[in-house]
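Asks: need a 3D model of the following:
(chains A and B)
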Amino acid sequence: QKEVEQDPGPLSVPEGAIVSLNCTYSNSAFQYFMWYRQYSRKGPELLMYTYSSGNKEDGRFTAQVDKSSKYISLFIRDSQPSDSATYLCAMRRTSYDKVIFGPGTSLSVIP
Amino acid sequence: DAGVIQSPRHEVTEMGQEVTLRCKPISGHNSLFWYRQTMMRGLELLIYFNNNVPIDDSGMPEDRFSAKMPNASFSTLKIQPSEPRDSAVYFCASSSSVGTQYFGPGTRLLVL
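Replies: Numbers count the residues shown, from 1 in each chain, chains lettered A, B, ... in the order given. The predicted structure is shown next:
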């Protein structure tokens, strides 16, 4: 079993839809959780960063962490074609530890 | 700030040849990371440096891979000899000690 699992998709939604992206993990020691967005032929860029359980909102994006279920989610409201990218979840045990990435989910938002 | 700079952006080589990938981290960052990304295995950490010192190289596939960081503004990842299974996108990233990792644009390597 991989440390971090993520449905690779591809996920295709119409513009304006609410998108839900999810990851599960096996290591209960993870405390820091991140979502990266990667456009085609670009490097990943940090989208959201959360510590421990709870929700964090930034504009159209909301990150949720449920440590009891070892499950994290990223919600995108009012999705736009510019949101079309691969979304990678990532996590680490401490702020000094290496980051473990999920395999990524490919998202297409159709105008 | 120019961000993380990687060169070359594309590399095509023949099996058995030596390949050297280069990275210039963001000025002031003291951690540098080399990743490899493939469809099959996703994004894998190969090695990371803190203050120019290699901290964790457990992700380096085998002895054919080596990485150096001679100073705070430059790092290399070398593959010798290269094999077709090394074909991938190689990313360099940098960060402050506990900060966000900023990725470069990557080097697309194809080994024929």
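Asks: what are the boundaries of the helices in chain B?
Replies: For chain B, applying DSSP state H gives no helices.
Asks: please, where are all the strands along it?
Replies: With DSSP state E, the ranges of strands along chain B come out as B:5-7, B:10-13, B:19-24, B:31-38, B:42-50, B:53-56, B:65-71, B:74-79, B:88-95, B:102-103, B:107-111.
Asks: so for the fourth one, what gets flagged as buried?
Replies: Pointing back at strand B:31-38 there. By 16 or more other Cβ atoms under 10 Å in any protein chain shown, the buried positions in strand B:31-38 come out as B:31, B:32, B:33, B:34, B:35, B:36, B:37. C-beta coordinates here come from the backbone N, C-alpha and C atoms, glycine included.
Asks: which one of those sits closest to residue A:24?
Replies: Nearest to residue A:24, judged by Cβ to Cβ, of these is residue B:37 at 21.0 Å.
Asks: just the pLDDT at the residue in chain A that chain B sits nearest to, thanks.
Replies: Of all residues in chain A, residue A:43 sits closest to chain B, at 3.1 Å by Cβ to the nearest Cβ. Note for residue A:43: predicted pLDDT of 95.
Asks: ok so it is a helix residue?
Replies: No - per DSSP: H, G, I helix; E, B strand; the rest coil, residue A:43 lies outside any helix segment and is coil.
Asks: ok, the nearest residue to it once chain neighbours are set aside - contacts?
Replies: Leaving aside its sequence neighbours, residue A:43 sits nearest to residue B:103 (Cβ to Cβ, 6 or more residues apart in numbering or on different chains; 3.1 Å). When contacts are counted by Cβ atoms under 8 Å, 6 or more residues apart in numbering or on different chains, residue B:103 is found next to A:43, A:44, A:45, B:4, B:35, B:91, B:92, B:93.
Asks: rerun that using 6 Å as the cut-off
Replies: Residue B:103 sits next to A:43, A:44, B:91, B:93 when contact means Cβ atoms under 6 Å, 6 or more residues apart in numbering or on different chains.
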